[in-house]
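Engineer: need coordinates for the below:
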Amino acid sequence: MKFSCVLPVYNTEKETLHQCVSSVLNQTFRDYEIILVDDGSNQNTAFICDCYADQYSNIKVIHQENMGLAGARNTGIDHVSGDWIVHIDADDWIDADLLQKLSCAIENNICDIVFWGYRACIGNKKVEYLLKNESIMEDKYEIRKHEMIKAIMFASKKFNDVALNTTWGKAFRTKYVKQNNLKFNPDLKRSQDVIYNLYAFDRAAEVLYLPTASYNYRLDNDSLSRGYNTKTFERMTKTANACLEFADKHSDTPEYKIAAFVFCRRCFRNIILQDYMNKSNPQKRGIKKRDLKKD
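Structural biologist: Numbering: from 1, shown residues only. From the prediction side, this is the model:
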C-alpha cells in the first residue's frame, strides 16, 4: 500500500467530516487507506466513524480516550500500513487528484518529506498559497534546510507562501518516520506540528516540493488555535520551551536560536490576543494587565 491518510477526529460535525472523508474516497489514485482516530468523541461522532469502516474496507477506525491532537496523530502513525503518511485534519479536505500527483512525484524523486501548497477557505472564498520562488528548491537540501527550519519557526520569508509549520499539506515516508522515532509530543496542546516538523525536517535527507494547492484549509470554524482560551498561557509556554530546546540542541547553528526567539514572540502574541486582552475575557482591563505582568 502506498498511502495512509491519518484523520484525527474529535466531535467533528457530520457534514464537515463527510466532506473530509469523501475527498479521500474520491481520489483518482486508489492505493490508499484511511485511518480515523476517534479521540474520545461523543457517541454520535464515534458511530459515524464506525459506519464508514463498515461501508469501506480501506477505512480503519481506532477509538481511544481523549489524548489530544498529538496523541491522536501518534495513534494513527502506530497503525499505518502505507509507505507514506498523509496527515489530514478532519475539518479540511483534499483535491481528488492529490494522491495521484504525490504518487508521480515520489516515483521520480528520492525524498523523506513532500510538501505542497494550500487554499485558505472562508465560506465560498478561497485564496491559494503556493511557493512563489520555486528556484530555491534547486539548492541542495543541506543548503536550504536551514531556511526551511527557520520558516517552521516563522523566521524566514523565503518559505512564507507555504505552511511549513503544519503537518497537513505534507507526506512523510513511513520508513523514515519509524526509523527516526518521529512522534508528536503528547504534552503539547498547541502548535504541536511546529515541534514535530522541526525534528522531521532536520533529520530528513531530502524534501520535495509539489507545486499544487491541493489541500483546502477551513478557516471558518471554532479552532483551538483561535478564540478566547484561559489555557493559552500554559499551552503556548510549553510549546515555546520545546522550540527553545530544539535550538539548544543545535548550538552550532546560532540562527536557530534567533528563530526560536521569533517563535517565542509569536507565542506571546497569541497569549495576549487569545487570553489576557481577548474581548471575551470577563476580567477588567486593569486586572488583565496585572495578571499579565505577574505571569
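Engineer: buried residues in stretch 63-74, which are they?
Structural biologist: Residues Met67, Gly68, Leu69, Ala70, Gly71, Ala72, Arg73, Asn74 are the ones in stretch 63-74 that count as buried (16 or more other CB atoms under 10 Å). (Glycine included, C-beta is placed from N, CA and C.)
Engineer: okay, now that stretch: how far is its last residue from its first?
Structural biologist: 13 Å (CA to CA, to the nearest Å).
Engineer: list the contacts of it.
Structural biologist: The contact list for stretch 63-74 (CB atoms under 8 Å, 6 or more residues apart in numbering) reads 6, 8-10, 37-40, 46, 49, 75, 87, 167, 183-189, 192, 224.
Engineer: mind listing the helices for the stretch 101-250 of the chain?
Structural biologist: Per DSSP state H, counting those that start in this stretch, the stretch 101-250 of the chain carries helices over the ranges 141-152, 174-179, 192-203, 232-248.
Engineer: what helices or strands is the strand or helix carrying Phe268 leaning on?
Structural biologist: Using DSSP states H and E, Phe268 sits in helix 254-271. In terms of contacts (3 or more CB pairs under 8 Å, 6 or more residues apart in numbering; DSSP states H and E), helix 254-271 is packed against helix 141-152, helix 232-248.
Engineer: export those as CSV, with columns for mean neighbour count.
Structural biologist: Formatted as CSV, those follow (neighbours: other CB atoms under 10 Å):
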stretch, mean neighbour count
helix 141-152, 19
helix 232-248, 19
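Engineer: including mean pLDDT and distance to Asn270, could those helices go into CSV?
Structural biologist: Listed next are those as CSV, based on pLDDT from 0 to 100; distance: least, CB to CB, whole Å:
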stretch, mean pLDDT, distance to Asn270
helix 141-152, 96, 16
helix 232-248, 93, 5
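Engineer: leaving out the residues flanking it, which one is nearest to Asn58?
Structural biologist: Glu33 (4.8 Å; CB to CB, 6 or more residues apart in numbering).
Engineer: same list (the helices and strands packed on helix 254-271) but as TSV, adding distance to Asp202.
Structural biologist: TSV is the format used below for those (distance: least, CB to CB, whole Å):
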stretch	distance to Asp202
helix 141-152	6
helix 232-248	8
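Engineer: check contacts around the residue nearest to Asn58.
Structural biologist: The contact partners of Glu33, taken as CB under 8 Å, 6+ apart, are Met1, Phe3, Ser4, Cys5, Asn58, Ile59, Lys60, Val80, Ser81, Gly82.
Engineer: so what sits opposite Ile94 in the bridge?
Structural biologist: Tyr215 (DSSP bridges).
Engineer: which stretches of the protein form strands?
Structural biologist: 3-9, 32-39, 59-64, 84-87, 93-94, 113-122, 125-129, 170-173, 207-218 (DSSP state E).
Engineer: would you turn these into JSON lines with distance to Thr16?
Structural biologist: Listed next are the strands of the chain as JSON lines, based on distance: least, CB to CB, whole Å:
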{"stretch": "strand 3-9", "distance to Thr16": "10"}
{"stretch": "strand 32-39", "distance to Thr16": "13"}
{"stretch": "strand 59-64", "distance to Thr16": "17"}
{"stretch": "strand 84-87", "distance to Thr16": "17"}
{"stretch": "strand 93-94", "distance to Thr16": "9"}
{"stretch": "strand 113-122", "distance to Thr16": "12"}
{"stretch": "strand 125-129", "distance to Thr16": "16"}
{"stretch": "strand 170-173", "distance to Thr16": "21"}
{"stretch": "strand 207-218", "distance to Thr16": "8"}
